[in-house]
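1. The following comprises the amino acid sequence and a computationally predicted model.
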Amino acid sequence: MRRLAVLLLLSLLAACSRGPDPKALQQDVAGRLAVALPAELLVLADMARRGSQSDPKAPAGQERRIIYFDADLKLNKDYDFGGWESPGVAGVVSAMGTGPKGLVGVVNGGNKAGDVIRAHGSATYKREGESWVLVAPPGHGLVTAPEFASGAPRPAPEKMLEAMRGAIANAPPETSAATREVILQELEGAHAAIQARLARAAQGYAIAAGASGGQYLRLAQSLDGSRGRKVTALTTAGGEENLRMVRDGRAPMGLAQGDSALLAFQGKGPFAQEGPYSALRAIGSLYPEAVHVLVRGDGALRSVADLAGKRVAIGVPGSASRSTALAVLQAHGFAPGKLAKTLELPLNEALSALQNKEIDALVQVIGFPADSLREAAGAMPLRLLPLDAAAVQALAKDSPAFFPLTLAKGTYPDQDREVRTVAVAAILLAGAELTDAEVATVTRFIFEAGTDLAARGSAQGAQVSAANARLGLAVPLHPGAARVLDALAPPKPAQ
């Protein structure tokens, strides 16, 4: 008996060391769903734990475990998880701690009562005495995006490639890093242009997307194979480069923020040297990119006005997000000198600086839920600051690319209230190269209801719908796209 008691005690200790028991895990996940989504919308029909591991990013001296599980969520009523302001896919992703390709069953255009959504989820717990306490779920790691679309033909004959390698390898010692960077950029641009032409030759569609691991690239990749259509996702530096690639004919389509597309259309801002791009046309808005003003949740900052005299990261030079961040700060009265310092940092570096208290806040324009922000919430407490109502109105009045948006509670872990902000749309754009028929084909396969782009790797893809395709458009809609969208989502009659 004594030996049995010892074995029982050891088994209990081992179970405790692996995290909470299944009942506690189920209750905690159900609680997060209840915060993020309307009451009685979903039932946690089934849940199975699939293992655990220690959290490699746990703060020093803190014991944490990441618990992995599979869950089936059954809908009690019809619901569209793609709403831009209503509780939707962002809440499910954050509550379940899932990531790209970890959510199956959310379809564009809305789900029906009785549908089952399956999630490969995760939850992170920290040890407090003999208990385990839920902290922000990190979500699964990002799907690693290839440098260029997988399966694409090699960009040049073998001899030409070898000649290029030889020229770079045998460059004189005095060749500067800047010169090498120019060579690299030109090679990447040539590679992307060749891919675009090959994709057209194979009766497919090339889309200038974005950086590896970014939301633009994941969305474009999720479209490949959708409804049997071939899409080649081109890795680029982002929206501004995409607009130039479309203008130069190096890509037939590209993704960009609505405000950046407007500047290209008008020939202003970073596109002033090129002049107006009057031939630029929109195929449709895909999903909202919201302004996120983030501070530490354990600090005293509660409003954007509190940023006076603070250190704020605004994004990197040349990025559309940085331009929008500056416009948002200016709308709140932050002329140069009212902030202690503005830092031009990419998002991941800004989040690290915020964690280390090297900055006080960061401003980022990004689709939600953003994986990097969910992951950061597991390493430090975070708070989203609401934008001032007058500033939101001023921004929307100043540019047709901006529109008011509310981030529903539960969009991010531990976000227990709605957050007022402003957003721009992520827009798919086309140049003069595509015919009306080609644009109509692209519009139909992207915006028709019934696709599950979240399961294909893009959480933001669940927000794509014909009903929202005209929101935030600041450049003219392509006539081929307009005809299809009118058929898919007829305009509502005037009241």
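-> Right, received. Where do you want to start?

2. Quick check: pLDDT value at residue 25.
-> pLDDT for residue 25: 92.

3. doesn't it fall inside a helix?
-> Yes - according to DSSP: H, G, I helix; E, B strand; the rest coil, residue 25 belongs to a helix.

4. ok, and the closest non-adjacent residue to it?
-> Nearest in space to residue 25, with sequence neighbours left out and distances taken as CB to CB, 6 or more residues apart in numbering, is residue 67 at 6.0 Å. The way it works is simple: take the backbone N, C-alpha and C, and place the C-beta from them, glycine included.

5. tell me the contacts of the one you found?
-> Residue 67 makes contact with 19-20, 25, 49, 51-52, 122-125 under the criterion CB atoms under 8 Å, 6 or more residues apart in numbering.

6. Any figure for the gap between it and residue 281?
-> The span separating residue 67 from residue 281 equals 48 Å under the rule CB to CB, to the nearest Å.

7. thinking again about what came up before, identify those among the contacts of residue 67 that sit within helices.
-> Residues of those located in helices (DSSP state H): residue 25.

8. which of the contacts of residue 67 tops the neighbour count?
-> Compared across these, residue 123 has the highest neighbour count, 27 neighbours, by other CB atoms under 10 Å.

9. Is residue 387 in contact with residue 406, as I believe?
-> No - under the contact definition of CB atoms under 8 Å, residue 387 does not touch residue 406, with a separation of 10.4 Å.

10. Look at those two and report which has more neighbours.
-> A side-by-side neighbour count of residue 387 and residue 406, using other CB under 10 Å, places residue 387 first with 23 against 16.

11. Setting aside sequence neighbours, what's the nearest residue to that one?
-> residue 421 (5.1 Å).

12. Surely the one you found is within a strand?
-> Yes - if the criterion is three-state DSSP, then residue 421 is within a strand.

13. hey, where'd the strands end up in the stretch 301-450 of the chain?
-> Taking DSSP state E, counting those that start in this stretch as the test, the strands found in the stretch 301-450 of the chain are 311-313, 341-343, 361-367, 382-384, 403-407, 419-430.

14. Which parts of this protein are helices?
-> Chain-ordered helices for the chain, with DSSP H as the definition, fall at 2-17, 22-36, 89-96, 158-169, 177-201, 215-223, 239-248, 258-266, 320-331, 347-355, 371-377, 389-398, 436-447, 479-488.

15. In TSV: those, plus distance to residue 82.
-> Listed next are the helices of the chain as TSV, based on distance: least, CB to CB, whole Å:
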stretch	distance to residue 82
helix 2-17	40
helix 22-36	15
helix 89-96	7
helix 158-169	43
helix 177-201	27
helix 215-223	13
helix 239-248	22
helix 258-266	18
helix 320-331	23
helix 347-355	24
helix 371-377	18
helix 389-398	22
helix 436-447	11
helix 479-488	14
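
16. Nearest to residue 230, out of the ones you listed?
-> Between residue 230 and those, the shortest gap by CB to CB is with helix 177-201, which sits at 7.1 Å.

17. tell me the average confidence for that closest one?
-> The average pLDDT for helix 177-201 rounds to 67.

18. for stretch 488-495, same thing?
-> Confidence for stretch 488-495, expressed as mean pLDDT, is 69.

19. which residues does the residue nearest to residue 387 bridge with?
-> According to DSSP bridges, the partner residues bridging residue 421 are residue 405.

20. now residue 236, nearest residue through space, not along the chain?
-> If you skip the residues right next to it in sequence, residue 236 has residue 208 as its closest partner in space, 5.1 Å away by CB to CB, 6+ apart.

21. pLDDT score for the one you found?
-> 95.

22. isn't it right up against residue 241?
-> Yes - if you go by CB under 8 Å, residue 208 and residue 241 touch, sitting 7.1 Å apart.

23. higher neighbour count, those two?
-> Set residue 208 next to residue 241 and count neighbours by other CB under 10 Å: residue 208 wins out with 32 against 23.

24. Okay, and the beta partners of the more buried one?
-> Applying DSSP bridges to residue 208, the residues it is bridged with are residue 234, residue 254.

25. Residue 62 and residue 383, how far apart?
-> According to CB to CB, residue 62 stands 21 Å off from residue 383.

26. neighbour count winner among the two?
-> Legend: neighbour count by other CB under 10 Å for residue 62 and residue 383, higher for residue 383 (19 against 11).

27. which one is that one nearest to, not counting chain neighbours?
-> residue 297 (4.3 Å).

28. What residues does that neighbour make contact with?
-> Residue 297 makes contact with 380-383, 414 under the criterion CB under 8 Å, 6+ apart.

29. now swap in residue 135 and tell me
-> Residues in contact with residue 135 (CB under 8 Å, 6+ apart) are 64, 124-126, 378.

30. Test my guess that residue 305 contacts residue 332.
-> Yes - judged on CB under 8 Å, residue 305 makes contact with residue 332 at a distance of 6.7 Å.

31. Name the residues contacting each of these two.
-> Joint contacts of residue 305 and residue 332 (CB under 8 Å, 6+ apart) are residue 388.

32. Neighbour count: these two, which is higher?
-> Using other CB under 10 Å as the criterion, residue 305 and residue 332 rank with residue 332 on top: 20 against 13.

33. thought the more buried one was touching residue 304?
-> Yes - taking CB under 8 Å as the definition, residue 332 is a contact partner of residue 304 at 4.8 Å.

34. Overlap in contacts, those two.
-> Contact criterion CB under 8 Å, 6+ apart; residues bridging residue 332 and residue 304 by contacting each: 387-388, 391.

35. Could I get those in a markdown table, plus columns for distance to residue 468?
-> Formatted as a markdown table, the entries for the shared contacts of residue 332 and residue 304 read as follows, by distance: CB to CB, whole Å:
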| residue | distance to residue 468 |
| --- | --- |
| 387 | 21 |
| 388 | 26 |
| 391 | 24 |
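
36. what's the pLDDT at residue 449?
-> Per-residue confidence (pLDDT) for residue 449: 92.

37. residues near the residue nearest to it when sequence neighbours are not counted, how many?
-> Leaving aside its chain neighbours, residue 449 sits nearest to residue 109 (2.5 Å; criterion: CB to CB, 6+ apart). Using other CB under 10 Å, residue 109 is surrounded by 17 other residues.

38. since we're on the closest residue to residue 478 other than its chain neighbours, how many residues are nearby?
-> Closest residue to residue 478 in three dimensions, ignoring its sequence neighbours and counting by CB to CB, 6+ apart: residue 281, at 3.9 Å. With neighbours defined by other CB under 10 Å, the count for residue 281 comes to 22.
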